[in-house]
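Visitor: okay, here's the prediction I keep looking at, along with the sequence it came from:
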Amino acid sequence: MKRLYVLALTVMCSASVMAAGDADKGKAKAAMCAGCHGANGIAMVPTYPNLAGQNAAYLAGTLKAYKTQSRKGYQAGIMYAMASGLSDQDIADLAAYYSSLK
């Protein structure tokens with residue numbers, strides 16, 4: 001059982017390395033996010049989350065959850081539509097960009 005756990009962890013880590021995001025490409029893709037999350041990742045509406053400085057893994061996981069519609073709750077329907085056309089590389093790029101902002 002321990003070997004299976006180690007193997008699964010290795011595969012997950014390898015996948016995250018292969019899907020490393022490019023912040024410059026993410027910046028180019030972020031225009032669609034700016035309307036709600038601000039041009040620099042700081043939302044102008046208090047009920048919308050700031051994306052600047054967020055952990056890249058958290059951002060990527062959240063976008064993937066919206067893409068698969070497994071994340072529910074406030075504003076999820078809007079995010080389903082926004083995330084539906086994103087590739088895994090798009091998600092990694094956006095996560096790298098927003099996590100690089102301070």
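Guide: Looks like it arrived, so ask away.
Visitor: now the helices for the chain?
Guide: For the chain, the helices defined by DSSP state H occupy 2-18, 23-29, 31-37, 56-67, 76-83, 88-100.
Visitor: any chance of those helices in TSV with distance to residue 43, mean pLDDT and mean neighbour count as columns?
Guide: Just so you know, the C-beta spots here come from the backbone N, C-alpha and C atoms, and that holds for glycine as well. Shown next, in TSV, are the helices of the chain (distance: least, CB to CB, whole Å; pLDDT from 0 to 100; neighbours: other CB atoms under 10 Å):
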stretch	distance to residue 43	mean pLDDT	mean neighbour count
helix 2-18	27	47	9
helix 23-29	17	95	16
helix 31-37	5	93	15
helix 56-67	14	96	18
helix 76-83	13	91	15
helix 88-100	12	97	22
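Visitor: quick one: closest of these to residue 48.
Guide: Residue 48 lies closest, by CB to CB, to one member of the helices of the chain: helix 31-37, at 5.0 Å.
Visitor: check which helices and strands that closest one is in contact with.
Guide: Under the contact criterion of 3 or more CB pairs under 8 Å, 6 or more residues apart in numbering; DSSP states H and E, helix 31-37 touches helix 76-83.
Visitor: neighbouring contacts of the helix it packs on?
Guide: 32-33, 36, 63-64, 66-67, 69, 71, 91 (CB atoms under 8 Å, 6 or more residues apart in numbering).
Visitor: I'd like these as TSV, with distance to residue 81 appended.
Guide: TSV is the format used below for the contacts of helix 76-83 (distance: CB to CB, whole Å):
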residue	distance to residue 81
32	10
33	13
36	12
63	13
64	15
66	9
67	10
69	10
71	13
91	15
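Visitor: sorry, back to before: how about the helices of the chain, which one is nearest residue 47?
Guide: Closest of these to residue 47 is helix 31-37, at 9.9 Å (criterion: CB to CB).
Visitor: contacting residues for the nearest residue to residue 63 once chain neighbours are set aside?
Guide: Counting by CB to CB, 6 or more residues apart in numbering, residue 63 lies nearest to residue 91, which is 4.6 Å off, once chain neighbours are set aside. Residue 91 makes contact with 21, 60, 63-64, 67, 83, according to CB under 8 Å, 6+ apart.
Visitor: same question for residue 55.
Guide: Contact partners of residue 55, counting by CB under 8 Å, 6+ apart, are residue 99.
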